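Participant: Structure for this input, please:
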Amino acid sequence: MKLSKLVGDRFKERPANCLIDSHALMVRGGYIKNVANGIYSQFPPMKRISQKIEAIIRDEMDKLDGQEVLFPVALPASLWDESGRYESVGSELLRFSDRTGSKMVLGMTHEEASVQLIREYANSYAKYPFMIYQIQTKFRDEARPRAGLIRVREFTMKDAYSFHTSQEDLEQYYQKCYDAYNRIFARCGIPEVVVVASDSGMMGGSVSHEYMLLTAAGEDSIAICPECGYSANVEAAPNIIENENTRGVEELTEVDTPNVSTIEDLCEFLKVDPKNTAKAVVYQRNEDDSYVVAFIRGDLDINETKLTNAVGCDIHPGVIEDDSVLTAGFIGPVGINEKVTVLFDTSLKGIDFLVTGANKVDTHYTGFNVERDCPGVEYLDLAKITEGGICPCCGKPAITISRGIEVGNIFQLGTKYSKTMGLTYLDENGKEQNPIMGCYGIGVGRMAASICEVRHDDFGPIWPITIAPWQVHLCCLRSDDAECKAKADEIYEALQKKGIEVIYDDRKARPGAMFADADLLGVPVRVVVSPRNLAEDAVEISTRDKQIDKQKTPVGETIEEVERIIKKLTDDIYSQVK
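Facilitator: Numbers count the residues shown, from 1 in each chain. So this is what the prediction gives:
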């Protein structure tokens, strides 16, 4: 490919609306162009990167005996009605009606479509197990698209669905997919991806894992124990509390607390530690706006995912009106309105003395004791795990919190979809059974953007050789010099004949502009042809990662040296594949 013909511009200035480096570099480098909020077109470099990522994914899925299929983007709402998700999934699911008035959705995931595809085929135990997968466009009406391709509304994703006749068989296959995902990320140049336990969310199922690329630009928080290697998304990580009673049991006493409506002000006013307060966190059910109040130790925060799972439906932060059944700033469990759903976090268990709201303006209780004043309470784990928290695996107070980008996920779905959608087979005894499912997803564009986020410098991306848009960037510094142009053309033709992917900068441009564009394209190997080097019968070779910097190579050895470097870069990546 000649750079003079490459569609897309590259420019120096950082776009004002790009908050993270990968987004800025992919816009500046001519990879993507915004079409609408969270929707992008891809220029040729990005499309080539995507194709290489997809090829690696296909290879690993095919090695697992996966069979590639293709589901529609637009699906009848009736399929989602069958699974129950048409109503249960929120506004992220884009719903519309076609010209006949039939309800439709744009697929954000394809569990329903996978069941519908094989429902008639998979009617006998003899046809199991099997896995089908697709690489397809999806649409999720994301409320807050951000960070370029990392959080979008329209995206390309590989999603796979496996079907089994026993939990044991699913678990064995799940482990194979678990390992295959590690190979995929290593082959794409990010072997440092960590696997964390996660919450299954709307997907359902009892076991799920996320593959996280740790970076400060990540949206997810990851709890990691350096002592034993435990890792989990903070949404799923248990928060283990060992309370110490620093104050003895006292009578429940009503005290005046004028204009004291926050935990910070309360602790200052009454001279108590936040650990001796029971904080009320208010939510409302999406379905009917009824209140849910979670009581938690004052120094901790509610984990909204855990709370949603405990309530059993979608919720949103509560709004307390003047005529509400709740008294804003002074909410407590004693005497709270019976219409309110009340939950207690495990962080309150075993504390003899607590301060909490009295459900009256400017009034709190001291001496609150959960076991005495609210007998029969069931404690739930509703809090976020914290830095320095107790590890659920080894029990040491060693938890650290890191940021990460989710680049893949896998789920043991169980029979959630096969039961609701009537997928059955006859077992060896002729008895009707529901197959057990697994689900495995990777976002292609998100992975590319994530790799850019952790593989770049101040000048542009540093693409791993296995997914780079081209393997070699050839620069002719003086295309107006006949000898220089002829030699660069000759090298270009020779590289192509060898099957080496090359982008050839044949423009009449200043060297600084050429090198700036080369940095933005991030191609692993750079070959520079110039009159000065040719005077020494040499070309200049370097690598984008600076392992090789301005190496002089005889012109006659150029192709062989490029092949050697490409092989070394590739071998370096595959040495990390296990």
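Participant: buried stuff in the longest strand seen in the chain?
Facilitator: Assignment by DSSP state E gives strand 400-414 as the longest strand of the chain. Under the neighbour-count criterion of 16 or more other C-beta atoms under 10 Å, strand 400-414 has 401-402, 404-414 buried. To be clear about C-beta, it is placed using only N, CA and C from the backbone, and glycine gets the same treatment.
Participant: same check, this time on stretch 12-32
Facilitator: 18, 20-32.
Participant: likewise stretch 105-123?
Facilitator: Those would be 105-118, 122, for stretch 105-123 by 16+ other C-beta under 10 Å.
Participant: Sort out which of those are in strands and list them.
Facilitator: Per DSSP E, these map to strands at V105, L106.
Participant: Tell me which two in the buried residues of stretch 105-123 are the farthest apart.
Facilitator: Farthest-apart pair in these is L106 and A122; separation 26.1 Å (C-beta to C-beta).
Participant: Please name every helix or strand in contact with the longest strand of the chain.
Facilitator: Here strand 400-414 touches helix 167-187, strand 207-214, strand 220-224, strand 436-443, helix 444-454, going by 3 or more C-beta pairs under 8 Å, 6 or more residues apart in numbering; DSSP states H and E.
Participant: Which one of the ones you listed lies nearest to L79?
Facilitator: Among these, strand 436-443 sits nearest to L79 (C-beta to C-beta), with 15.1 Å.
Participant: Give me the residues contacting the closest one.
Facilitator: 57, 109, 111, 131, 133, 155-167, 169-170, 173-174, 177, 181, 184, 203, 205, 407-418 (C-beta atoms under 8 Å, 6 or more residues apart in numbering).
Participant: for the residue nearest to the spatial centre of the chain, what are its contacts?
Facilitator: Centroid-nearest residue in the chain, with C-alpha atoms, centre = their mean: E406, separated by 2.3 Å. If you count contacts by C-beta under 8 Å, 6+ apart, E406 has them with E210, Y211, M212, E219, D220, R446.
Participant: Which one of those is nearest to Y365?
Facilitator: D220 (37.6 Å).
Participant: Which parts of the stretch 251-400 of the chain are strands?
Facilitator: 253-256, 278-285, 291-297, 315-317, 341-345, 354-360, 363-368, 379-380, 400-414 (DSSP state E, counting those that start in this stretch).
Participant: tell me the mean pLDDT for the last one?
Facilitator: Averaging pLDDT along strand 400-414 gives 93.
Participant: Equivalent analysis for the fourth one, please.
Facilitator: Taken as a whole, strand 315-317 carries a mean pLDDT of 92.
Participant: Buried residues in that strand, which are they?
Facilitator: Neighbour count says strand 315-317 has I315 buried, by 16+ other C-beta under 10 Å.
Participant: ok, and what's touching that strand?
Facilitator: V282, Y283, Q284, R285, N286, V292, E304, L307, T308.
Participant: quick one: which of those residues is nearest D273?
Facilitator: Nearest to D273, judged by C-beta to C-beta, of the contacts of strand 315-317 is V282 at 23.1 Å.
Participant: show me the contacts for that closest one.
Facilitator: Contacts of V282 (C-beta under 8 Å, 6+ apart): Y291, V292, V293, P317, G318, I320, L326, I331.
Participant: one more time with 6 Å, if that's ok
Facilitator: By C-beta atoms under 6 Å, 6 or more residues apart in numbering, the contact set of V282 is V293, G318.
Participant: what about P375, how many neighbours?
Facilitator: Using other C-beta atoms under 10 Å, P375 has 7 neighbouring residues.
Participant: again, but for K360
Facilitator: 15.
Participant: For it, give me its contacts.
Facilitator: Counting by C-beta under 6 Å, 6+ apart, K360 has no contacts.
Participant: Ok, K306 next?
Facilitator: Per C-beta under 6 Å, 6+ apart, neighbours of K306: L382.
Participant: And the pLDDT for it?
Facilitator: 92.
Participant: can you give me phi and psi for V249?
Facilitator: phi -70, psi 140 (degrees, to the nearest 10).
Participant: Hmm, it is touching D352, no?
Facilitator: Yes. Using C-beta atoms under 6 Å, V249 makes contact with D352 at a distance of 4.6 Å.
Participant: the more surrounded of those two?
Facilitator: Under the criterion of other C-beta under 10 Å, the comparison of V249 against D352 puts D352 first, with 18 against 10.
Participant: if you go through the stretch 451-578 of the chain in chain order, where are the strands?
Facilitator: 472-476, 502-505, 525-529, 538-543, 551-554.
Participant: Including mean pLDDT, could those go into JSON lines?
Facilitator: JSON lines is the format used below for the strands of the stretch 451-578 of the chain (pLDDT from 0 to 100):
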{"stretch": "strand 472-476", "mean pLDDT": "98"}
{"stretch": "strand 502-505", "mean pLDDT": "98"}
{"stretch": "strand 525-529", "mean pLDDT": "98"}
{"stretch": "strand 538-543", "mean pLDDT": "97"}
{"stretch": "strand 551-554", "mean pLDDT": "96"}
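Participant: Which one of these lies nearest to E453?
Facilitator: Nearest to E453, of the strands of the stretch 451-578 of the chain and by C-beta to C-beta, is strand 538-543 at 20.3 Å.
Participant: Cool, thanks, talk later.
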